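Colleague: Predicted structure and sequence below. I'll ask about it afterward.
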Amino acid sequence: MAVPSLSVIADNARLADPPPQRVAVILDAKRRQVYAGAFERRGDEYAAVGEPALVEPAAWLASLPRPLWVMGEGVSYHAGAIDGADVTRLDAALWLPRADAVHRLGWRLACAGRFANARDLVPLYLRRPEAEEVWEQRHGISG
């Protein structure tokens, strides 16, 4: 099963009391950017609203409907952008991926027949690693 990391973290919002209707998951991407995904609660699960994105946090958060709760390790790194965005932080204990959430989401995918070929599974990178970009710049290669 291909279970997206942002979805795994969003699933933790079920454990909040009460579970929020909308959450934004934010992971630090360095260079004043975040890897981010928006989710809405549908029954007992959180469904992605749009695709994961590499964004500037303040502008991205401003584009999302309210009320909105935020979570993910990027919240700490981008506190300035987040604190001024009229959002509520979920408890930091919910910010990290949990193995039971991977199992839960993977099981749902399996029950829906959404299997992935193990040979085709690759990480989703929204940007190449900085080390590759620096190496290419030093060697005059455009990526």
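Modeller: Cool, the structure landed.
Colleague: Could you double-check that residue 69 lies in contact with residue 12?
Modeller: No: between residue 69 and residue 12 there is no contact under C-beta atoms under 8 Å: 11.1 Å. Quick note: C-beta positions are derived from backbone N, CA and C, even for glycine.
Colleague: Could you check which of these two is surrounded by more residues?
Modeller: residue 12 (24 against 18; other C-beta atoms under 10 Å).
Colleague: Shouldn't that one be within a helix?
Modeller: Yes: residue state for residue 12 (DSSP: H, G, I helix; E, B strand; the rest coil) corresponds to a helix.
Colleague: For the chain, just list every one of the helices.
Modeller: Using DSSP state H, the helices assigned to the chain run over residues 5-11, 57-62, 74-77, 79-83, 99-111, 130-138.
Colleague: Comparing those helices by mean pLDDT, which bottoms out?
Modeller: Of all the helices of the chain, helix 130-138 carries the lowest average pLDDT, namely a mean of 77.
Colleague: can I get the CA coordinates of that one in PDB?
Modeller: Only the C-alpha atoms of helix 130-138 are listed here, as PDB (Å, rounded to 0.1, in the frame of the first residue of the first chain):
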ATOM      1  CA  GLU A 130      19.400  20.500  -1.700                       C
ATOM      2  CA  ALA A 131      22.700  18.500  -2.000                       C
ATOM      3  CA  GLU A 132      21.800  17.600  -5.600                       C
ATOM      4  CA  GLU A 133      20.900  21.200  -6.500                       C
ATOM      5  CA  VAL A 134      24.200  22.500  -5.000                       C
ATOM      6  CA  TRP A 135      26.200  19.800  -6.800                       C
ATOM      7  CA  GLU A 136      24.500  20.700 -10.100                       C
ATOM      8  CA  GLN A 137      25.200  24.400  -9.600                       C
ATOM      9  CA  ARG A 138      28.800  23.800  -8.900                       C
END
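Colleague: hey, C-alpha coordinates of the top strand by length along the chain in CSV?
Modeller: In terms of residue count, the longest strand belonging to the chain (DSSP state E) is strand 45-55. In CSV, the C-alpha atoms belonging to strand 45-55 read as follows (Å, rounded to 0.1, in the frame of the first residue of the first chain):
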residue,chain,number,x,y,z
GLU,A,45,-11.4,9.8,8.5
TYR,A,46,-9.6,12.8,7.0
ALA,A,47,-9.8,13.2,3.3
ALA,A,48,-7.2,15.2,1.4
VAL,A,49,-8.4,18.4,-0.2
GLY,A,50,-6.2,18.9,-3.2
GLU,A,51,-2.7,17.6,-3.7
PRO,A,52,0.3,18.0,-1.4
ALA,A,53,2.3,21.1,-2.2
LEU,A,54,5.6,22.8,-1.6
VAL,A,55,4.5,26.3,-0.4
